[in-house]
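Trainee: Predicted model follows, preceded by the sequence.
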Amino acid sequence: MPITNYPDYMQPAGKAGQLSSYQDYTADTYAVEATVPYGAAVQLNSTGTAIKPIATGGAVIGIALAQNIHDWVEKKDDQNYPVGEPAAIVKRGRIFVVAGSDVINGQAVKVDPATQKFTADGAIAINGAVFKANATADQLVEIEINLP
């Protein structure tokens with residue numbers, strides 16, 4: 001039976017790192033070396049044993065998948081993967097991220113390591129990733145990523 005009403009199955013876009021489609025996505029699990037916010041581009045550390053947010057000269061291996069856990073009572077800053085925890089990193093699929101400037105549907109995705117936001121003219125290209133909608137700076141925007 002085909003899905004004909006997506007709101008019955010998918011949450012509306014609400015935060016960076018949230019999947020925009022359950023169809024054909026792949027995520028790998030890595031240990032966290034430095035705190036990784038949901039929806040951030042990540043790279044491997046120098047030994048290849050853990051991940052950290054993308055830095056100048058790094059190579060993007062995926063986007064941190066958001067979790068539904070949130071501590072509303074203690075108001076903790078828990079919209080990230082803490083050091084030492086396992087993190088789900090999306091390598092293939094559609095996911096929401098924060099635009100760092102105006103972007104247009106179909107443009108290649110790059111990331112600015114200084115702001116950790118996604119643009120069409122950032123310093124680090126994400127090979128095999130394109131924007132799937134138009135957006136302005138600081139808006140959520142859907143990207144499609146296809147990394148090995």
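Mentor: Noted; the coordinates are in hand.

Trainee: among the helices and strands of the protein, which has the poorest mean pLDDT?
Mentor: Least confident helix or strand of the chain, by mean pLDDT, DSSP states H and E, is strand 80-81 with a mean of 90.

Trainee: For the helix or strand just after that strand, name the packing helices and strands.
Mentor: Remark: after strand 80-81, the chain's next helix or strand is strand 86-98, criterion DSSP states H and E. Helices and strands in packing contact with strand 86-98 are listed as strand 26-32, strand 62-64, strand 117-119, strand 140-146; criterion 3 or more CB pairs under 8 Å, 6 or more residues apart in numbering; DSSP states H and E. In this view, the C-beta of every residue, glycine as well, is placed from N, C-alpha and C.

Trainee: what's the average pLDDT for strand 86-98?
Mentor: For strand 86-98, mean pLDDT rounds to 95.

Trainee: Bridged to Leu44, which residues?
Mentor: Counting by DSSP bridges, Leu44 forms beta bridges with Ile51.

Trainee: neighbours of Thr115, just the number please.
Mentor: 14 (other CB atoms under 10 Å).

Trainee: That one against Val97, yeah?
Mentor: No - taking contacts as CB atoms under 8 Å, Thr115 lies outside contact range of Val97: 11.8 Å.

Trainee: ok, Phe96 to Gly62 distance?
Mentor: Using CB to CB, to the nearest Å, Phe96 is found at 14 Å from Gly62.

Trainee: Please apply the same query to Val97.
Mentor: Between Val97 and Gly62 the distance is 12 Å, computed by CB to CB.

Trainee: Neighbour count: those two, which is higher?
Mentor: Between Val97 and Gly62, counted using other CB under 10 Å, the more crowded position is Val97 (30 against 25).

Trainee: Thanks a lot, catch you later.
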